[in-house]
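> sequence plus the predicted model coming up.
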Amino acid sequence: MEANVPKRKEPSKALRIKVISMGNAEVGKSCIIKRYCEKRFVSKYLATIGIDYGVTKVQVRDREIKVNIFDMAGHPFFYEVRNEFYKDTQGVILVYDVGQKESFDALDTWLAEMKQELGPHGNVDNIVFVVCANKIDCTKHRCVDESEGRLWAESRGFLYFETSAQTGEGINEMFQAFYVSIVDLCENGGKRPPTNSSTSFTKEQADTIRRIRNSKDSWDMLGVKPGASREEVNKAYRKLAVLLHPDKCMAPGSEDAFKAVVNARTALLKSIK
Ligand code: GTP
Ligand code: MG
């Protein structure tokens, strides 16, 4: 006869997840992971050869998470090694160096490489992405500001953190938010839960701010042809002002974009007889 032993509460099963790091060579991917896992920083550059693999355990709420980290080499030379590792990923740490504009511009290329390797049936909407704007300790060399990075990330529904693997700033907060989002995703049937910020501005607003930042002169900024009339300038200005007014637009960088548009209009009206 079986003894009438009171049932013990089963501990919830450890969740196994796979995360990968992506981004140009030398932006600090390995150092970010090392800072978090080993609490140390190595200033000498040791390029990752192909892939580095590690396992770590973390606790999120009452769940134990077993994290398999695949730290990828950023150098183009290792493409053939990297491309094997994109599939079955729940989280991506996407890194750029705030002092290196090319590494920020390359984020789109990294996403494209991942999408290509996942193929037509791969779905990146079911993956949590965290963008790390790294090396913020190098303030003198910074050329990609926070609003630009945040806009890129949040307009895609990605998390955004400013980090320094050297000082440790932002690293724990970034990993904590990253793992919480992955657990939320797993508990949400594999769908990425919407982030607040991704719903607080539209794609049109994000695209317009980016276009304004990259415009070559005041005509270009207002989206009118050089030599346009006062009416055309005013019409274009009104449209942009409605779209970007800081009272209505919550997108990162909207205030600066709005000011730039006001200044561009003033300059153009002065120059038009
Ligand atoms: P690959 O493996 O080649 O793709 O490079 P990686 O992105 O893994 O770069 P890694 O972590 O090896 O760091 C590259 C260099 O940047 C090293 O010399 C690091 O010491 C330095 N570095 C990384 N993070 C930081 C940081 O936050 N601040 C500063 N000042 N230097 C950093
Ligand atoms: Mg590395």
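On my side now, so go ahead. Ligands and ions are numbered 1, 2, ... in the order given.
> contacts only, for residue 261.
By CB atoms under 8 Å, 6 or more residues apart in numbering, the residues touching residue 261 are 212, 221-222, 237, 240-241, 244. (Each C-beta comes from the backbone N, C-alpha and C, glycine too.)
> helix or strand: which one has residue 57?
strand 51-60 (DSSP states H and E).
> pairing partners for that strand, with directions?
strand 63-72 (antiparallel) (DSSP bridges).
> near ligand 2, anything from the strand it pairs with?
No - figure legend: strand 63-72 not in contact with ligand 2 (CB under 5 Å from the ion); closest approach 5.8 Å.
> how about residues contacting that strand?
Contacts to strand 63-72, defined as CB under 8 Å, 6+ apart, come from residues 11-12, 14-22, 29-30, 33, 37, 48, 51-59, 78, 82, 85, 179, 182-183.
> any of those residues buried? List them.
Among the contacts of strand 63-72, those classed as buried by neighbour count (16 or more other CB atoms under 10 Å) are 15, 17-22, 29-30, 33, 48, 51-52, 58, 78, 82, 85, 179, 182-183.
> picking up where we left off before, could you export the strand holding residue 57 as PDB, CA atoms only?
The C-alpha trace of strand 51-60 is given here as PDB (Å, rounded to 0.1, in the frame of the first residue of the first chain):
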ATOM      1  CA  ILE A  51      32.200  31.500 -32.000                       C
ATOM      2  CA  ASP A  52      32.700  31.400 -28.300                       C
ATOM      3  CA  TYR A  53      30.200  29.300 -26.300                       C
ATOM      4  CA  GLY A  54      29.300  29.500 -22.700                       C
ATOM      5  CA  VAL A  55      26.500  28.500 -20.300                       C
ATOM      6  CA  THR A  56      25.200  30.500 -17.400                       C
ATOM      7  CA  LYS A  57      22.300  30.200 -15.000                       C
ATOM      8  CA  VAL A  58      20.100  33.100 -14.000                       C
ATOM      9  CA  GLN A  59      17.000  33.600 -12.000                       C
ATOM     10  CA  VAL A  60      14.000  35.500 -13.300                       C
END
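> count of residues packed around the nearest residue to residue 114 once chain neighbours are set aside?
The shortest distance from residue 114 to any non-neighbouring residue, by CB to CB, 6 or more residues apart in numbering, is to residue 86 (5.1 Å). A count of neighbours around residue 86, defined by other CB atoms under 10 Å, yields 22.
> same thing with residue 147?
Neighbourhood size, residue 147 [other CB under 10 Å]: 17.
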